[in-house]
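Undergrad: can you look at this prediction? I've put the sequence above it.
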Amino acid sequence: MSVTLTPQIEDQIRHWVETGAYPDADAVVRDALRLLEAQHDRFETLRAKIQVGLDQLDCGEGIPLTPELLDEIDREVDERLRRGEQPNPDVCP
């Protein structure tokens, strides 16, 4: 496979190698592809979770979002933070 890179991308790759962050251009590209795959996987996971929510709404399982519910959620979040709990990464990535 042959790939043509723009001068800007070549400069970025060269920068990562010259700073010592990567041993060579192949390592930069491998890491970039690994990160792209991880991002894609997170996106697909999120898409599936959203679909579950949409399916629940279609079945009438939704909960109306009222100011009172938002206040209750805020109180619950504050309490969990006081206890030192970490936020759910699906909510606060």
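TA: On my side now, so go ahead.

Undergrad: where do the strands sit along this structure?
TA: Using DSSP state E, the chain contains no strands.

Undergrad: got a list of contacts for stretch 27-34?
TA: Contact partners of stretch 27-34, identified using CB atoms under 8 Å, 6 or more residues apart in numbering, comprise 13, 16-17, 22. (C-beta placed from N, C-alpha, C; glycine too.)

Undergrad: which among these count as buried?
TA: When the contacts of stretch 27-34 are checked for burial by 16 or more other CB atoms under 10 Å, the buried set is 13, 16-17, 22.

Undergrad: all helices of this structure, in order?
TA: 7-18, 25-58, 67-82 (DSSP state H).

Undergrad: in TSV: those, plus mean pLDDT and distance to Val91.
TA: Output for the helices of the chain, formatted as TSV (pLDDT from 0 to 100; distance: least, CB to CB, whole Å):
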stretch	mean pLDDT	distance to Val91
helix 7-18	98	32
helix 25-58	96	10
helix 67-82	94	9
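
Undergrad: which one of the buried ones among the contacts of stretch 27-34 is nearest to Asp78?
TA: Sorting the buried ones among the contacts of stretch 27-34 by distance to Asp78 puts Trp16 at the head of the list, at 41.2 Å, by CB to CB.

Undergrad: got a markdown table for the buried ones among the contacts of stretch 27-34, with distance to Val3 too?
TA: A markdown table is the format used below for the buried ones among the contacts of stretch 27-34 (distance: CB to CB, whole Å):
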| residue | distance to Val3 |
| --- | --- |
| Ile13 | 11 |
| Trp16 | 17 |
| Val17 | 17 |
| Tyr22 | 17 |
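
Undergrad: counting neighbours, what do you get for Asp31?
TA: When counting by other CB atoms under 10 Å, one arrives at 13 neighbours for Asp31.
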